[in-house]
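In: Provided below are the primary sequence and the corresponding predicted coordinates.
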Amino acid sequence: MKNLLYILAVAIAVSSCGSYKYYSPTPNAVLFKNKGESQFSGSIGSSGLSLKGALALSENIGFIGMYHASPYEYRSKEGEVGIGYYTEADPGGVFLAGGMGFGTTYEYSDEGQTTKLYRGDFKKPFIQFNGGITGGTITGKLKGDIAGILKASYFMYDGEYQDESRQQISSDYMLIEPGMLLSVGTRSVMFDITSSYPLRPNFEEADNRKNARTFPVTVSFGIRFLFGRDADEKKTDEIKSED
């Protein structure tokens, strides 16, 4: 695990050098089983550190939120909130949400991290679809999640270089981001591997200096805590009582 994270961090440093000005965090790939369920997670990955939360507000309405920051030479501070419709996973379910992301990115041009190469702010309205299985029994009390993700966002970036040129950096484009979540654990604690691939469906070539290009892959590893999720036995009893 440590070696893989090291390789990912090196890949970020090597590929950075001003070519890419945005490294997207992995999406919040939540699925809910019941009203009142909440999920909180922390992860580390190729784009930085993330804290994510989710809450099933009612039988079909769910809320998601995220804070993300990067500690590498490339730095970012990013927030995201969204709300949407879910079907109760038993164990398969879906979640369709819309929301807004916003934040700041910059990169240092020296090893001492005293001089910034550029700085910019962005907004990112999005819609996101999660679909898959959550809390599926592998064996005994061991559970597993597998979910597909499809996120579409509109990335709007406004920044400038911090050198004498003060050249503007500007971008407005669509991002299509397929991804996947794989998890294993118990009903209340899961260990997650999430990957996503932000793609820019535009045949016009982006300028490395004038535009804010998005790095095309991100991977994260994390731990997720679940509260208020009904036990499988409870849901079975509820179904029998209805019959």
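Out: Done, it's in.

In: all helices for this structure, in order.
Out: Applying DSSP state H to the chain gives helices spanning 2-15, 232-242.

In: okay, now residue 164: neighbour count?
Out: Neighbour count of residue 164, defined by other CB atoms under 10 Å: 6. No exception for glycine: its C-beta is placed from N, CA and C like everyone else's.

In: no wait, residue 140
Out: By other CB under 10 Å, 7 other residues sit near residue 140.

In: quick check, pLDDT for residue 171.
Out: Note for residue 171: predicted pLDDT of 94.

In: so who does it touch?
Out: The contact partners of residue 171, taken as CB atoms under 8 Å, 6 or more residues apart in numbering, are 155, 156, 157, 206, 211, 212, 213.

In: so among these, where is pLDDT lowest?
Out: residue 206 (77).

In: thought residue 215 was touching residue 24?
Out: Yes - contact status for residue 215 versus residue 24: in contact at 7.2 Å, counting by CB atoms under 8 Å.

In: so for the two, which residue has more residues nearby?
Out: Using other CB under 10 Å as the criterion, residue 215 and residue 24 rank with residue 24 on top: 26 against 19.

In: ok, now which ones touch the more buried one?
Out: Residues near residue 24 by CB under 8 Å, 6+ apart: 47, 175, 177, 196, 198, 214, 215, 218.

In: got a markdown table for these, with pLDDT and distance to residue 184 too?
Out: A markdown table is the format used below for the contacts of residue 24 (pLDDT from 0 to 100; distance: CB to CB, whole Å):
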| residue | pLDDT | distance to residue 184 |
| --- | --- | --- |
| 47 | 93 | 23 |
| 175 | 96 | 29 |
| 177 | 98 | 24 |
| 196 | 97 | 19 |
| 198 | 96 | 26 |
| 214 | 94 | 30 |
| 215 | 94 | 27 |
| 218 | 95 | 21 |
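
In: check contacts around residue 87.
Out: Applying CB under 8 Å, 6+ apart, the residues near residue 87 are 60, 93, 94, 95.

In: verify the stated contact: residue 177 with residue 198.
Out: Yes - the criterion here is CB under 8 Å, and residue 177 meets it with residue 198 at 4.6 Å.
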